[in-house]
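Undergrad: 3D, please:
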Amino acid sequence: MPSGYRGTVTTTGSSRRADYAAETRRAIINAARSLFAEHGYFATRVDQIAARARVAPGTVYGTVGGKQGLLQILTDEWVNTPVAANGLALLADYETSYEVLRQLSIGVRLIWQQQDDITQILLAAAPHDQAAAEGLNKSLHAIRRNAEEIARDIQRRGDLADHVTVERAADIIYYYFGPQTYSVLLRDNGWPMDEAADWLFKQCAAALLRDHSQPVKRGEG
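TA: Numbering: from 1, shown residues only. Sure thing, here's the model as predicted:
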(Lines give C-alpha, C1' and ligand atoms only; values in the text may rest on other atoms or scores of the structure.)
Protein backbone atom coordinates (compact mmCIF):
# COMPACT_ATOMS: atom_id res chain seq x y z
CA MET A 1 0.00 0.00 0.00
CA PRO A 2 1.43 3.43 -0.92
CA SER A 3 2.53 5.48 2.07
CA GLY A 4 0.44 8.46 0.98
CA TYR A 5 -2.73 6.38 1.00
CA ARG A 6 -2.55 5.66 4.71
CA GLY A 7 -2.07 9.35 5.43
CA THR A 8 -5.23 10.21 3.48
CA VAL A 9 -7.28 7.71 5.47
CA THR A 10 -5.96 9.09 8.76
CA THR A 11 -6.76 12.68 7.77
CA THR A 12 -10.25 11.73 6.65
CA GLY A 13 -10.88 9.80 9.84
CA SER A 14 -9.74 12.73 11.99
CA SER A 15 -11.97 15.09 10.04
CA ARG A 16 -14.96 12.84 10.51
CA ARG A 17 -14.33 12.58 14.23
CA ALA A 18 -14.06 16.35 14.48
CA ASP A 19 -17.31 16.77 12.54
CA TYR A 20 -19.05 14.26 14.78
CA ALA A 21 -17.78 16.00 17.92
CA ALA A 22 -19.01 19.36 16.64
CA GLU A 23 -22.40 17.91 15.74
CA THR A 24 -22.69 16.29 19.16
CA ARG A 25 -21.80 19.52 20.92
CA ARG A 26 -24.35 21.48 18.89
CA ALA A 27 -27.05 18.87 19.56
CA ILE A 28 -26.42 19.17 23.29
CA ILE A 29 -26.53 22.98 23.19
CA ASN A 30 -29.74 23.01 21.15
CA ALA A 31 -31.36 20.45 23.46
CA ALA A 32 -30.45 22.46 26.55
CA ARG A 33 -31.64 25.72 25.04
CA SER A 34 -35.05 24.29 24.19
CA LEU A 35 -35.45 22.54 27.55
CA PHE A 36 -34.35 25.59 29.54
CA ALA A 37 -36.96 27.62 27.66
CA GLU A 38 -39.68 25.01 28.14
CA HIS A 39 -39.12 24.05 31.78
CA GLY A 40 -36.72 26.62 33.20
CA TYR A 41 -33.04 26.31 33.99
CA PHE A 42 -33.45 24.83 37.45
CA ALA A 43 -36.15 22.29 36.57
CA THR A 44 -34.19 20.90 33.63
CA ARG A 45 -32.03 17.86 34.43
CA VAL A 46 -28.87 16.76 32.66
CA ASP A 47 -30.42 13.40 31.83
CA GLN A 48 -33.25 15.22 30.02
CA ILE A 49 -30.73 17.18 27.97
CA ALA A 50 -28.87 13.97 27.19
CA ALA A 51 -32.05 12.19 26.12
CA ARG A 52 -33.12 14.96 23.78
CA ALA A 53 -29.62 15.22 22.30
CA ARG A 54 -29.42 11.40 22.08
CA VAL A 55 -26.21 11.12 24.04
CA ALA A 56 -25.21 9.71 27.41
CA PRO A 57 -25.41 12.05 30.45
CA GLY A 58 -21.65 11.71 30.86
CA THR A 59 -21.22 13.15 27.36
CA VAL A 60 -23.05 16.29 28.42
CA TYR A 61 -20.60 16.82 31.28
CA GLY A 62 -17.56 15.85 29.23
CA THR A 63 -18.46 17.95 26.19
CA VAL A 64 -19.89 21.15 27.65
CA GLY A 65 -19.40 20.94 31.42
CA GLY A 66 -22.99 20.25 32.46
CA LYS A 67 -25.73 22.84 32.96
CA GLN A 68 -23.47 25.66 34.09
CA GLY A 69 -21.19 25.14 31.12
CA LEU A 70 -24.22 25.22 28.84
CA LEU A 71 -25.44 28.44 30.39
CA GLN A 72 -22.02 30.01 29.74
CA ILE A 73 -22.07 28.84 26.12
CA LEU A 74 -25.55 30.25 25.54
CA THR A 75 -24.50 33.55 27.11
CA ASP A 76 -21.44 33.78 24.87
CA GLU A 77 -23.55 33.09 21.79
CA TRP A 78 -25.96 35.83 22.88
CA VAL A 79 -23.18 38.36 23.46
CA ASN A 80 -21.35 37.52 20.22
CA THR A 81 -24.35 37.35 17.91
CA PRO A 82 -23.24 38.50 14.43
CA VAL A 83 -26.11 41.00 14.21
CA ALA A 84 -24.63 43.14 17.00
CA ALA A 85 -21.03 42.95 15.80
CA ASN A 86 -21.86 43.65 12.16
CA GLY A 87 -24.17 46.53 13.05
CA LEU A 88 -21.50 48.40 14.98
CA ALA A 89 -18.96 47.81 12.24
CA LEU A 90 -21.26 49.56 9.76
CA LEU A 91 -21.94 52.73 11.76
CA ALA A 92 -19.91 54.87 9.39
CA ASP A 93 -22.04 53.73 6.44
CA TYR A 94 -25.18 55.48 7.73
CA GLU A 95 -25.65 59.06 6.58
CA THR A 96 -27.49 60.42 9.62
CA SER A 97 -27.80 59.74 13.33
CA TYR A 98 -31.50 59.17 12.71
CA GLU A 99 -30.56 56.29 10.41
CA VAL A 100 -28.07 54.99 12.98
CA LEU A 101 -30.87 54.68 15.52
CA ARG A 102 -33.24 53.16 12.96
CA GLN A 103 -30.67 50.50 12.09
CA LEU A 104 -30.04 49.91 15.79
CA SER A 105 -33.75 49.30 16.25
CA ILE A 106 -33.76 46.82 13.37
CA GLY A 107 -30.72 45.02 14.78
CA VAL A 108 -32.15 44.82 18.29
CA ARG A 109 -35.36 43.39 16.90
CA LEU A 110 -33.41 40.69 15.07
CA ILE A 111 -31.44 39.90 18.23
CA TRP A 112 -34.68 39.70 20.19
CA GLN A 113 -36.18 37.31 17.64
CA GLN A 114 -33.08 35.10 17.69
CA GLN A 115 -32.09 35.29 21.36
CA ASP A 116 -35.25 36.05 23.32
CA ASP A 117 -35.33 32.60 24.90
CA ILE A 118 -31.78 32.97 26.20
CA THR A 119 -32.58 36.41 27.61
CA GLN A 120 -35.59 35.05 29.47
CA ILE A 121 -33.57 32.09 30.80
CA LEU A 122 -30.94 34.44 32.21
CA LEU A 123 -33.45 36.92 33.64
CA ALA A 124 -35.34 34.13 35.42
CA ALA A 125 -32.30 32.29 36.75
CA ALA A 126 -30.03 35.20 37.69
CA PRO A 127 -31.63 36.03 41.08
CA HIS A 128 -31.05 32.46 42.27
CA ASP A 129 -27.86 31.30 40.56
CA GLN A 130 -24.40 32.89 40.49
CA ALA A 131 -23.50 31.51 37.05
CA ALA A 132 -26.74 32.84 35.59
CA ALA A 133 -26.20 36.22 37.29
CA GLU A 134 -22.68 36.42 35.84
CA GLY A 135 -24.01 35.49 32.41
CA LEU A 136 -26.72 38.14 32.58
CA ASN A 137 -24.22 40.77 33.73
CA LYS A 138 -21.91 39.85 30.86
CA SER A 139 -24.77 40.28 28.39
CA LEU A 140 -25.90 43.59 29.87
CA HIS A 141 -22.33 44.93 29.93
CA ALA A 142 -22.04 44.10 26.21
CA ILE A 143 -25.23 46.03 25.50
CA ARG A 144 -23.92 48.94 27.55
CA ARG A 145 -20.61 48.99 25.63
CA ASN A 146 -22.49 49.06 22.34
CA ALA A 147 -24.72 51.87 23.61
CA GLU A 148 -21.64 53.91 24.53
CA GLU A 149 -20.10 53.40 21.09
CA ILE A 150 -23.30 54.50 19.37
CA ALA A 151 -23.58 57.53 21.68
CA ARG A 152 -20.03 58.58 20.80
CA ASP A 153 -20.81 58.19 17.11
CA ILE A 154 -23.84 60.49 17.43
CA GLN A 155 -21.74 63.03 19.35
CA ARG A 156 -19.05 63.00 16.63
CA ARG A 157 -21.76 63.84 14.11
CA GLY A 158 -22.81 66.83 16.24
CA ASP A 159 -26.37 65.54 16.55
CA LEU A 160 -26.86 65.13 20.29
CA ALA A 161 -29.57 67.35 21.75
CA ASP A 162 -28.47 70.24 23.95
CA HIS A 163 -27.35 69.22 27.44
CA VAL A 164 -27.28 65.50 26.55
CA THR A 165 -23.84 64.13 27.37
CA VAL A 166 -22.38 60.98 25.86
CA GLU A 167 -22.86 59.19 29.15
CA ARG A 168 -26.50 60.23 29.39
CA ALA A 169 -27.02 59.32 25.72
CA ALA A 170 -25.65 55.84 26.43
CA ASP A 171 -28.06 55.57 29.37
CA ILE A 172 -30.98 56.46 27.11
CA ILE A 173 -29.96 54.01 24.38
CA TYR A 174 -29.49 51.28 26.97
CA TYR A 175 -32.92 52.00 28.45
CA TYR A 176 -34.82 51.92 25.17
CA PHE A 177 -33.01 48.97 23.60
CA GLY A 178 -32.09 46.84 26.61
CA PRO A 179 -33.81 43.48 27.11
CA GLN A 180 -35.87 44.58 30.10
CA THR A 181 -37.74 47.29 28.18
CA TYR A 182 -38.46 45.01 25.24
CA SER A 183 -39.65 42.34 27.66
CA VAL A 184 -42.12 44.71 29.33
CA LEU A 185 -43.66 45.83 26.04
CA LEU A 186 -43.82 42.42 24.38
CA ARG A 187 -44.44 40.03 27.25
CA ASP A 188 -46.12 42.10 29.94
CA ASN A 189 -48.11 44.49 27.74
CA GLY A 190 -48.60 42.26 24.71
CA TRP A 191 -47.44 44.75 22.08
CA PRO A 192 -46.81 43.43 18.55
CA MET A 193 -43.09 43.37 17.79
CA ASP A 194 -43.38 45.82 14.87
CA GLU A 195 -45.20 48.34 17.03
CA ALA A 196 -42.78 47.96 19.93
CA ALA A 197 -39.68 48.33 17.73
CA ASP A 198 -41.05 51.42 15.95
CA TRP A 199 -42.16 53.10 19.19
CA LEU A 200 -38.85 52.47 20.95
CA PHE A 201 -36.90 53.84 17.98
CA LYS A 202 -38.96 57.03 17.77
CA GLN A 203 -38.88 57.63 21.52
CA CYS A 204 -35.11 57.16 21.61
CA ALA A 205 -34.60 59.52 18.66
CA ALA A 206 -36.78 62.17 20.32
CA ALA A 207 -34.81 61.90 23.56
CA LEU A 208 -31.36 61.99 21.95
CA LEU A 209 -31.23 63.96 18.76
CA ARG A 210 -31.07 67.69 18.19
CA ASP A 211 -33.41 67.20 15.24
CA HIS A 212 -35.35 63.94 15.43
CA SER A 213 -37.61 64.51 12.42
CA GLN A 214 -37.09 62.07 9.58
CA PRO A 215 -34.34 63.55 7.38
CA VAL A 216 -34.73 64.08 3.66
CA LYS A 217 -32.54 61.66 1.74
CA ARG A 218 -29.99 62.90 -0.77
CA GLY A 219 -31.57 63.66 -4.10
CA GLU A 220 -35.02 64.31 -2.58
CA GLY A 221 -36.77 67.55 -1.80
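Undergrad: which stretches of this structure have low pLDDT?
TA: Along the chain, the model assigns pLDDT under 70 to residues 1-11, 83-90, 212-221.
Undergrad: any chance you could map the helices in it?
TA: Assigned by DSSP state H, the helices in the chain fall at 3-39, 46-53, 57-64, 66-79, 82-89, 97-125, 130-156, 166-177, 179-183, 193-208.
Undergrad: want to throw those helices into TSV with mean neighbour count?
TA: Backbone N, C-alpha and C define where each C-beta goes, glycine included. TSV is the format used below for the helices of the chain (neighbours: other C-beta atoms under 10 Å):
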stretch	mean neighbour count
helix 3-39	13
helix 46-53	18
helix 57-64	16
helix 66-79	19
helix 82-89	14
helix 97-125	19
helix 130-156	18
helix 166-177	19
helix 179-183	17
helix 193-208	17
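Undergrad: which residue is nearest the middle of the chain?
TA: W78 (3.5 Å; C-alpha atoms, centre = their mean).
Undergrad: how close does that one sit to I49?
TA: As judged by C-beta to C-beta, to the nearest Å, W78 and I49 stand 18 Å apart.
Undergrad: Equivalent analysis for A196, please.
TA: Counting by C-beta to C-beta - A196 and I49 are separated by 32 Å.
Undergrad: Show me the contact partners of stretch 122-134.
TA: By C-beta atoms under 8 Å, 6 or more residues apart in numbering, the residues outside stretch 122-134 that reach it are 40-42, 68, 71-72, 75, 78, 121, 135-136, 139, 179-180, 183.
Undergrad: I misspoke; the intended subject was stretch 25-45.
TA: In contact with stretch 25-45 (C-beta under 8 Å, 6+ apart) are residues 48-50, 52-55, 59-60, 63-64, 67, 70-71, 73-74, 117-118, 120-121, 124-125, 128-129, 132.
Undergrad: Now with 6 Å, please.
TA: Under the contact criterion C-beta atoms under 6 Å, 6 or more residues apart in numbering, stretch 25-45 has outside partners Q48, I49, R52, A53, V60, T63, V64, L70, I73, D117, I121, A125.
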